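Asker: just to be clear, the model below is a prediction. Sequence and coordinates:
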Amino acid sequence: MASSNTGSDEDLQRLIDLRTKRMVSNRESARRSRMRKQKHLDDLVTQLSQLRKQNNQVRADVSITMQHYMNVESENSVLRAQVVELSHRLESLNQIMEFMGQSFGSGGGFVEEPYYGVDTELIDEFMNNSLSCVYANKSILASSDMIPY
């Protein structure tokens, strides 16, 4: 009976050792699993921070781009108003030239004789210089909602 008791004690001890070993192994496995989960969570938090920074940068870029767009759109509206005004001026000048051509004959009212005592180069420079004609250089101000498009 003593020998069977010893065998059963050994089996019991082996069973306890196996359970203890399995319990330690399970604890270690659970610890590694918790560490993996924590690392994954830390990685996600880091990624979230980076994505928020990128999002803020994209929003700032979009805001700047929209401001540039609005500035260009406003400038285009002013230029459209200037085109309309200059088209009306051109039409008026063409009508005046047409009237002068009819009134003064085929010469258009211009004399082909030389200018005695007048520097023709100075006159040509004055007429061709865009800064000399104040009326033509007058700015036209318009708001962006003035012209429908």
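Answerer: Cool, the structure landed.

Asker: which elements pack onto the longest helix seen in the chain?
Answerer: The longest helix of the chain (DSSP state H) is helix 2-104. If contacts are counted by 3 or more CB pairs under 8 Å, 6 or more residues apart in numbering; DSSP states H and E, helix 2-104 sits against no helix or strand. All C-beta atoms are positioned from the backbone trio N, CA, C, and that covers glycine.

Asker: list the buried residues of stretch 46-63.
Answerer: Using 16 or more other CB atoms under 10 Å as the test for burial, stretch 46-63 gives no buried residues.

Asker: what does that stretch contact?
Answerer: Contacting residues not belonging to stretch 46-63 are not present [CB atoms under 8 Å, 6 or more residues apart in numbering].

Asker: now it: mean pLDDT?
Answerer: Mean pLDDT, stretch 46-63: 98.

Asker: could I get the CA-only coordinates of that stretch as CSV?
Answerer: Taking Å, rounded to 0.1, in the frame of the first residue of the first chain, the C-alpha atoms of stretch 46-63 are listed here in CSV:
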residue,chain,number,x,y,z
THR,A,46,-0.1,58.2,-32.4
GLN,A,47,-1.8,57.7,-35.7
LEU,A,48,-4.8,59.7,-34.6
SER,A,49,-2.6,62.6,-33.5
GLN,A,50,-0.8,62.5,-36.9
LEU,A,51,-4.1,62.4,-38.8
ARG,A,52,-5.4,65.4,-36.8
LYS,A,53,-2.3,67.4,-37.6
GLN,A,54,-2.7,66.5,-41.3
ASN,A,55,-6.4,67.4,-41.2
ASN,A,56,-5.6,70.8,-39.7
GLN,A,57,-2.9,71.4,-42.3
VAL,A,58,-5.3,70.5,-45.1
ARG,A,59,-8.0,72.8,-43.7
ALA,A,60,-5.5,75.6,-43.5
ASP,A,61,-4.4,75.0,-47.1
VAL,A,62,-8.1,74.9,-48.3
SER,A,63,-8.7,78.1,-46.4
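
Asker: measure Ser29 to Arg22 for me?
Answerer: Ser29 sits 10 Å away from Arg22, going by CB to CB, to the nearest Å.

Asker: ugh, wrong one, I meant Gln50
Answerer: Gln50 is 42 Å from Arg22, by CB to CB.
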